[in-house]
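Engineer: Sharing a model prediction with you, sequence too.
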Amino acid sequence: MSHLEFYLRSYPQPDDIRAQAAAAEEDGWDGLLLTDTQNLSMDVVGSLHLAASATSRLRLGTAVTNLVTRHPAVVASTFATLHHVTGGRAHIGLGRGDTALELIGTRPPSADEFEQQVGRLQTYLRGDVVDVGGLGSRITWLPLEGETKVPVDVFGSGPHVIGVGARRGDRLTVTVGAEPERVDWAVQTARRARASAGLDPDDLDVGAFVVVGVGTDEAALDALVRGNASISAHFQRGSTALLSRTDAAVVAEVTDHYDEYHHGLEHAAQSEALSADFLRRFCVIGRPEECVERLGRLVSSGLSHVTVVGGSRDVDPAVRRRSDTWWPPRCCPPCGPSDARHRHATTGADEMTGDDRRSVLATGGANAVGRGLGVDLAARCTTASRLVVDGGFVSQ
């Protein structure tokens, strides 16, 4: 991958998704990924096509869908169609489907079952034949001449699902929080899984799913991210042996109080179990320059992409949009090839194009901004910091 990619995770809200997608593209995001939980939000497919109609570059997909409520053949056909009408911009983000399945009384698949599902999806997407109980099942109109296959991005938090993504996915996104040692563990787990399967361990794009809040009011930032942080904490329930005793106790309390109908809400019982200390370690929250530094440490683990998750589902949409707008592309000058850094060293950060507004994270974090671009990051971030979460509202 030529540069670090940033994806914004949001919600399928068809009434304003066109405006949101157009703003995300203008702000320099690489992609917009929407949730897919049928009992909690409107259907994702309509919103993706509406977003496509308002954009020309932005990649569009899910974070995440599953292969139980949506059969692998249905997912393949749905997203191959989106890929076709967008000129190759579709993106399938997959998980086991915990909440979407719990809310219809269906257990999530085991890691082994999930691996079989992902394998069937990939076969359908290639236009090859899937053996379904002796029936040769295939999508007759795939592949389309001159078009690429839709990429499959597997999201995983534990070693078994991370292994599925490493072996079966086109890319992997780890959902293990924002502490460098946890992200490093996940990346190394993925590389080992590929090597054990006889695959090149370096031929895999690995990214991280990170809850991010940018601002100066600590209490308001905690409120902004608390609901989404509880989701990520809940994902760790199968890996508590890998956590500290204190964090394992927090995850256990979140799990004990988890209410699927209040999934991702700030004021849910599971959200209130998260202490300020846990939020500050498990999420990336703070002033722009602090967030740049922290993400820089994560990227040094070998990440190719970051999926940024902002405000919780019940946060005022205007507050959530303001925070999303200012993180990360506008807060971070580019980290791409050295010629791009040199080109903007004299023209100034505010003249960067959308494609150039990439994070400096892969080349050393915030301190590298000034060295590589001749730009004063503190001064640059002052502008972004004026848009802060203050008492539950973003003000300028």
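Structural biologist: Looks like it came in fine.
Engineer: How are the helices of the stretch 251-396 of the chain distributed by residue range?
Structural biologist: 269-272, 276-282, 288-299, 317-325, 338-347, 366-373, 377-385 (DSSP state H, counting those that start in this stretch).
Engineer: okay, the fourth one in PDB with CA atoms only?
Structural biologist: The one in question is helix 317-325. Taking Å, rounded to 0.1, in the frame of the first residue of the first chain, the C-alpha atoms of helix 317-325 are listed here in PDB:
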ATOM      1  CA  PRO A 317     -25.500  14.300  15.200                       C
ATOM      2  CA  ALA A 318     -24.200  17.900  14.900                       C
ATOM      3  CA  VAL A 319     -21.600  17.200  17.600                       C
ATOM      4  CA  ARG A 320     -20.600  14.000  16.000                       C
ATOM      5  CA  ARG A 321     -20.200  15.500  12.600                       C
ATOM      6  CA  ARG A 322     -18.100  18.300  13.900                       C
ATOM      7  CA  SER A 323     -15.700  15.900  15.500                       C
ATOM      8  CA  ASP A 324     -15.600  13.700  12.400                       C
ATOM      9  CA  THR A 325     -15.000  16.700  10.200                       C
END
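Engineer: Which parts of this structure are strands?
Structural biologist: Assigned by DSSP state E, the strands in the chain fall at 5-10, 31-34, 59-62, 90-94, 130-132, 135-137, 152-156, 171-174, 205-214, 284-286, 305-309, 388-390, 393-395.
Engineer: helices and strands around the third one, which ones?
Structural biologist: For strand 59-62, the helices and strands in contact under the criterion 3 or more Cβ pairs under 8 Å, 6 or more residues apart in numbering; DSSP states H and E are strand 31-34, helix 44-53, strand 90-94. Using the backbone N, CA and C atoms, a C-beta is placed for each residue, glycine as well.
Engineer: Just send those back as TSV, with mean pLDDT too.
Structural biologist: Shown next, in TSV, are these (pLDDT from 0 to 100):
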stretch	mean pLDDT
strand 31-34	98
helix 44-53	98
strand 90-94	98
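Engineer: out of the ones you listed, nearest to Gly296?
Structural biologist: Judged by Cβ to Cβ, the one of the helices and strands packed on strand 59-62 that comes nearest to Gly296 is strand 31-34, at 20.8 Å.
Engineer: For the closest one, which outside residues touch it?
Structural biologist: Identification of contacts with strand 31-34 by Cβ atoms under 8 Å, 6 or more residues apart in numbering yields 5-12, 20-21, 24, 44, 47-48, 51, 58-63, 91, 93, 307.
Engineer: one more time with 6 Å, if that's ok
Structural biologist: Residues outside strand 31-34 that contact it (Cβ atoms under 6 Å, 6 or more residues apart in numbering): 7-10, 12, 21, 24, 44, 47, 58-63, 91, 93.
Engineer: same question, stretch 112-132
Structural biologist: By Cβ under 6 Å, 6+ apart, stretch 112-132 touches 67, 72-73, 75-76, 96, 136-139, 142-143, 149-150, 164, 168.
Engineer: Check stretch 188-203 too.
Structural biologist: Applying Cβ under 6 Å, 6+ apart, the contact partners of stretch 188-203 are 159, 162-163, 166-167, 172, 204, 206.
Engineer: Show me those that map onto helices.
Structural biologist: 159, 162-163, 166-167 (DSSP state H).
Engineer: Between those, identify the one with the most neighbours.
Structural biologist: Ile162 (30 neighbours; other Cβ atoms under 10 Å).
Engineer: Quick check: closest non-adjacent residue to that one.
Structural biologist: Of all residues not flanking Ile162 in the chain, Gly156 sits nearest, at 4.3 Å (Cβ to Cβ, 6 or more residues apart in numbering).
Engineer: Could you check the pLDDT of Arg371?
Structural biologist: You'll see Arg371 listed with a pLDDT of 31.
Engineer: give the contact list for Cys283.
Structural biologist: If you count contacts by Cβ under 6 Å, 6+ apart, then Cys283 has 178, 211, 225, 229 around it.
Engineer: Okay, Asp36 and Arg194: tell me how far apart.
Structural biologist: 27 Å (Cβ to Cβ, to the nearest Å).
Engineer: who has more neighbours, these two?
Structural biologist: Asp36 (27 against 20).
Engineer: looking at it, the more buried one is touching Thr62, isn't it?
Structural biologist: Yes - the criterion here is Cβ atoms under 6 Å, and Asp36 meets it with Thr62 at 5.0 Å.
Engineer: that older thread, what would the helices and strands packed on strand 59-62 look like in CSV with mean neighbour count and distance to Phe235?
Structural biologist: Below are these laid out as CSV (neighbours: other Cβ atoms under 10 Å; distance: least, Cβ to Cβ, whole Å):
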stretch, mean neighbour count, distance to Phe235
strand 31-34, 26, 16
helix 44-53, 21, 20
strand 90-94, 27, 14
